[in-house]
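Student: sequence unknown, structure follows:
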């Protein structure tokens, strides 16, 4: 390798990429299709800015993203600004401030790019999000609605076979609190639970070990996990949460029987602002998450739930949308004729007289306009 | 004729098969096994778990890397011990057998380690030259360490307020102190005989190590019945 060579002009910083023709189009189209489904369920679109003052961005639910945001000094105000790593805290801020007077439940949707210091799911640092927030409702119906609307949006892209993993991120910390665990012993047990290391849970779990092990082994298809939760001795608020989980699982089964629903009661990953039921969306056979969501406290402690789809991961999992066929239109063609063709084709105008068939081939068109009639290439 | 870019491929954004187009019948699960020291100890365990790989899987001279088993829904791959964790973390293999030393070094969040298989027992230790004079590590600010476990070594010393300056080697760590590369080594120790043969002695155990059954997180979420069944079989086999 030549260390003295100038950097290659195509080299981008790690985790960033160019989307090329068709890819960029496919991504925009899939985001549009997702947003159309959100809008059809009454979710009104908002657009927060790409960056904000750091202290505002890290208030409330945003605190969980502190180690993921890029920071920039605002040369104007001399205050620190941050690039958003997640849009949910921004939408929560809008709901709590500018839309504080809007009737509840408030349904908002958004789509935009987020930037993270480190790739979370994979190497990508720029993550396109499309999501919904349902603010001011605290019920199983609200939890289930957000999930089902997201599932419908994915179905609109042809992703019909999905798997939803429901979790209770607050359960593990609550159980550790209840047992009075602190310090390194708590850390060791939390880590063992995070890695599903049953041996270490047995070793560090003390009196909690049998129940934790039972819950750990029950992670999987909903009925078994719910049964394990019913057996477990839970503090009262967690018992209520487990009851809510059961209700949500019931609603999902009734309204979307094709969905595969798994439950992992002890998982507590992700952006750590979730206070109630959280969910991760998977597509079978894929190694990455298509989306995440769950219940959290919006500004001023208002109950809220939401779903975020990762548009890039969704695009990788979804069937490729059809590309509009291209037709080469000879120079001097009547504009009205070209306009009529655009109902079916993308028209590519020859800028000067040429061998149209060869030119169409060279530019990758599938058709050429000959004597006013669209002809597939190679038809003659 | 339709050119390739009209055939509907998205080469940059679609490095994997489309989930929506994949057949409903799932592909076989892949079990990653570490070649070398642990592989021989795996044999009886696999037999007790009812896994019968093609017989050449244990033959390190075999050029095959992927082996079918008697179960059409389970294949076995044989890779370097450090790579077992990588294959499982990225979902190339759904389950694997991997030393706790490797898990401690990489700390992949996509890996679950549900089961201690209690094979391959050894330890990650610090070793120093036999003839090293009396020295109080509490006074050190920095120490140069040769190891193939840079993260483990760095973490170990950072917890003691010492910056570990790492010389990253892939083998023959035992040579490093004698040849002036480092003051200490951090390495896997089984009996200690290699250390003694090279004029070193074990001064501190960083971690006791056994092999773990590891599972890819997404695979456990999306194929819980199959993965759960294998974990249960290994649990019974390891008991």
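Tutor: Sure, I can see it. What you see is a predicted model, and the numbers here were worked out from it, not measured in a lab.

Student: C-alpha only now, for contacts and for neighbours.
Tutor: Noted.

Student: what's downstream of the lengthiest strand in chain B, the next helix or strand?
Tutor: Taking DSSP state E as the criterion, chain B has its longest strand at strand B:200-209. For strand B:200-209, the following helix or strand on the C-terminal side (DSSP states H and E) is strand B:211-216.

Student: domain parsing for chain B?
Tutor: Per automatic domain parsing, the domain ranges recorded for chain B read B:17-120+B:210-238, B:122-208.

Student: among those domains, which is the most enclosed?
Tutor: Most buried of these, by mean neighbour count (mean count of other C-alpha atoms under 10 Å in any protein chain shown): domain B:17-120+B:210-238, with a mean of 19.

Student: Remind me what the longest helix anywhere in chain B packs against, helices and strands.
Tutor: When every helix of chain B is counted residue by residue (DSSP state H), the longest turns out to be helix B:224-238. Applying 3 or more C-alpha pairs under 8 Å, 6 or more residues apart in numbering or on different chains; DSSP states H and E, we find helix B:224-238 packed against strand A:220-221, helix B:37-48, strand B:111-116, strand B:211-216, helix B:217-222.

Student: quick one on the thing from earlier: is any part of the longest strand of chain B close to chain A?
Tutor: No: Strand B:200-209 stays clear of chain A (C-alpha under 8 Å from any C-alpha of the partner chain), getting no nearer than 12.9 Å.

Student: what pairs with that strand, and is each one parallel or antiparallel?
Tutor: strand B:122-129 (antiparallel) (DSSP bridges).

Student: mind checking pLDDT for residue A:319?
Tutor: Per-residue confidence (pLDDT) for residue A:319: 86.

Student: my read: it touches residue A:160, true?
Tutor: No: Residue A:319 lies out of contact with residue A:160 (C-alpha atoms under 8 Å); the separation is 10.8 Å.

Student: mind listing the strands for the stretch 51-200 of chain A?
Tutor: Per DSSP state E, counting those that start in this stretch, the stretch 51-200 of chain A carries strands over the ranges A:51-53, A:71-73, A:80-83, A:106-115, A:126-135, A:163-167.

Student: and what of chain B?
Tutor: In chain B, the strands defined using DSSP E lie at B:29-34, B:66-68, B:74-79, B:95-99, B:111-116, B:122-129, B:142-147, B:163-168, B:184-189, B:200-209, B:211-216.

Student: what about the ones you listed, which gets the closest to residue A:359?
Tutor: Proximity to residue A:359 (C-alpha to C-alpha) singles out strand B:66-68 among these, at 48.0 Å.

Student: just checking, what packs against that closest one?
Tutor: Packed against strand B:66-68 by the contact rule (3+ C-alpha pairs under 8 Å, 6+ apart) you find strand B:74-79.

Student: near chain A, anything from the strand it packs on?
Tutor: No: figure legend: strand B:74-79 not in contact with chain A (C-alpha under 8 Å from any C-alpha); closest approach 15.3 Å.

Student: any idea how chain A splits into domains?
Tutor: Listed domain ranges for chain A are A:21-317, A:326-376 (source: automatic domain parsing).

Student: By mean pLDDT, show me the worst of those.
Tutor: Among these, domain A:21-317 has the lowest mean pLDDT, at a mean of 92.

Student: near chain B at all, that domain?
Tutor: Yes: for domain A:21-317, a contact with chain B is found by C-alpha under 8 Å from any C-alpha, at A:22-23, A:158-161, A:163, A:165, A:194-199, A:220-221, A:262, A:282-289, A:312, A:315-317.

Student: what about that domain, distance to the chain center?
Tutor: Distance of domain A:21-317 from the chain centroid (C-alpha atoms, centre = their mean, to the nearest Å) equals 9 Å.

Student: what's the first-to-last distance across that domain?
Tutor: Counting by C-alpha to C-alpha, to the nearest Å, you get 18 Å between the two ends of domain A:21-317.

Student: do the same with stretch B:105-114
Tutor: Terminal residues of stretch B:105-114 are spaced 18 Å apart (C-alpha to C-alpha).

Student: can you list contacts of it?
Tutor: With C-alpha atoms under 8 Å, 6 or more residues apart in numbering or on different chains as the test, stretch B:105-114 has contacts from A:194-199, B:85, B:88-90, B:149-152, B:212-218, B:231.

Student: quick one on the thing from earlier: of the strands of the stretch 51-200 of chain A, which approaches residue A:306 most closely?
Tutor: Proximity to residue A:306 (C-alpha to C-alpha) singles out strand A:126-135 among the strands of the stretch 51-200 of chain A, at 4.1 Å.

Student: partners of that closest one in the sheet?
Tutor: Next to strand A:126-135 in the sheet, as set by DSSP bridges, lie strand A:106-115 (antiparallel), strand A:303-310 (antiparallel).

Student: if I pick the residue sitting nearest the centre point of chain A, what's in contact with it?
Tutor: Note on chain A: the residue nearest the mean C-alpha position is residue A:309, at 2.2 Å, using C-alpha atoms, centre = their mean. Neighbour list for residue A:309: A:129-131, A:150, A:290-292 [criterion: C-alpha under 8 Å, 6+ apart].

Student: any low-confidence regions in chain B?
Tutor: B:1-25 (pLDDT under 70).

Student: can you rerun that using 50?
Tutor: The model of chain B has pLDDT under 50 over residues B:1-16, B:19.

Student: hmm, back to that, save the helices and strands packed on helix B:224-238 as TSV, and put in distance to residue A:296 too.
Tutor: Formatted as TSV, those follow (distance: least, C-alpha to C-alpha, whole Å):
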stretch	distance to residue A:296
strand A:220-221	24
helix B:37-48	45
strand B:111-116	26
strand B:211-216	28
helix B:217-222	23
